[in-house]
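Visitor: Next come a sequence and a model predicted from it.
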Amino acid sequence: GESALFEFTEQNPHRIDIINAVAKTFRHLGNLEKAEKWYKKLLKRKPDASIYNELGRICELLLRLCDAAEYYNKAVELENNDDYKSNLANCLIRTAKIEEGISIFRNLVKQGTSKEIHSNYLSNLHYLPCLDEKLLFEEHTSWAEMHAPVHQNSIRHENEFDPNRKLKIGYVSPDFCEHS
C-alpha cells in the first residue's frame, strides 16, 4: 500500500518519478490531502514551478485560498508562465484582493495573452468595487479586436437575396411521439 511506497521512496530518494506518479494518482482519484502530502515530498527533492502550481490548485480545491495564493506566487517566481499568473490572479480575486488580481490580468492582456486568460480578465472585471461601464465596454471591444476581428467573422451565404423566395422551415422536437 501507501506505506510501502513511502518506505521505498525514503530508501530511494532519487526516484522522483515514483513520487510524482503517486501524487498524480491521488490527485486523479480526488484524494487531495494525500496528493498534497506526496507533492510536498516531491517538492523537497525537486523544487519546480509546476509542482507549486499543482499544490496551489489542490489548496484552492480544499478552499485554503491563502495557501493556494502562496503556492501560485512561488510558481510565478520560479517560472514566467501566463497560466500560473492567471491562477494567481484568480486566487487573489477570490481572497478579496481584487485590484491586485485585476492588475495581474491587465499586465497579461498587455503582453498579448491567450483568449481564455483575456476572457477571465473580462469576467473578473465585474468584481471591481467601482465598476466603470466605459472601461468595461472598451475592454470587451479590445477583446473582440484581438480575438474575433470582423474580417474573420464575415459569413457569405449562398442563398438568393430574393424577398419573395420560398422559405424552408424545419421543426425540431425532443419528443416526436407526443408533439407530432
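Guide: Thanks, I have it. Numbers count the residues shown, from 1 in each chain.

Visitor: From now on I want contacts and neighbour counts done on CA atoms only, so please keep to that.
Guide: Noted.

Visitor: how close does the residue nearest the centre of the chain get to residue 112?
Guide: Centroid-nearest residue in the chain: residue 87, 6.3 Å away (criterion: CA atoms, centre = their mean). Using CA to CA, to the nearest Å, one obtains 17 Å as the distance from residue 87 to residue 112.

Visitor: How about residue 161?
Guide: 40 Å.

Visitor: Between the two, which is the more surrounded one?
Guide: residue 112 (12 against 8; other CA atoms under 10 Å).

Visitor: residue contacts, the more buried one?
Guide: Contacts here follow CA atoms under 8 Å, 6 or more residues apart in numbering; on that basis residue 112 touches nothing.

Visitor: Spell out the secondary structure type for it.
Guide: Following DSSP: H, G, I helix; E, B strand; the rest coil, the label given to residue 112 is coil.

Visitor: any idea how far it is from residue 147?
Guide: Counting by CA to CA, the separation of residue 112 from residue 147 is 10 Å.

Visitor: And for residue 109?
Guide: Distance, residue 109 to residue 147, using CA to CA: 12 Å.

Visitor: who's more crowded, the two?
Guide: Shown here are residue 109 and residue 147; by other CA under 10 Å, residue 109 has more neighbours (20 against 15).
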